[in-house]
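> Give me the fold of what follows.
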Amino acid sequence: QVVLVESGGGLVRAGDSRQLSCKASGSTFTSLTLAWFRQAPGKEREFVAGIMSTDGSTTYGESVKARFAISRDLDWDTLHLQMKNLQPDDTAVYFCAARFGFTAAMTNADRYGYWGQGTQVTVST
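Prediction:
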């Protein structure tokens, strides 16, 4: 059993930066492939960024590449998402997701068995 708890959401202005965190418990952190997804009202869940359990390699969604950075803190079993130059289109509920081991389809939400409750990020103009 893996429990994920997100934090760091809130209301920001366009151009601001924000960091989200996801604390994982219940399993060996390094055995988990971890990802951030987001879902805006009326839209499908969208892959944001992921980090592989095997080697820490990262993958980003096209809409956030060069603005967002995913990282993991092995000392604190915490996943981070550093977001820069936020725009109104980034407004969504952001979810942390986890699965054991490697996946060739990191961007596919169906590959993750564990999800956090989500944290709302709202970007105003």
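
> Give me the helices and strands touching the strand or helix carrying Ala97, please.
Assigning secondary structure by DSSP states H and E places Ala97 in strand 92-100. Secondary-structure packing of strand 92-100 (3 or more CB pairs under 8 Å, 6 or more residues apart in numbering; DSSP states H and E): strand 3-7, strand 18-25, strand 32-39, strand 114-115, strand 119-124. C-betas here are computed from N, CA, C, even on glycine.

> Given the first one, what are its sheet partners and their directions?
If I follow you right, that is strand 3-7. The pairing partners recorded for strand 3-7 under DSSP bridges are strand 18-25 (antiparallel).

> repeat for the last one
Each strand that strand 119-124 pairs with, and the sense of that pairing, follows from DSSP bridges: strand 10-13 (parallel), strand 92-100 (antiparallel).

> about what we covered before: send the alpha carbons of the strand holding Ala97 over as PDB?
Provided in PDB are the C-alpha atoms of strand 92-100 (Å, rounded to 0.1, in the frame of the first residue of the first chain):
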ATOM      1  CA  ALA A  92      -6.100  22.500 -12.600                       C
ATOM      2  CA  VAL A  93      -6.100  20.000  -9.800                       C
ATOM      3  CA  TYR A  94      -2.700  18.500  -9.700                       C
ATOM      4  CA  PHE A  95      -2.400  14.800  -8.700                       C
ATOM      5  CA  CYS A  96       0.600  12.800  -7.700                       C
ATOM      6  CA  ALA A  97       0.600   9.200  -8.900                       C
ATOM      7  CA  ALA A  98       2.800   6.200  -8.300                       C
ATOM      8  CA  ARG A  99       3.400   2.600  -9.500                       C
ATOM      9  CA  PHE A 100       5.900   0.000  -8.700                       C
END
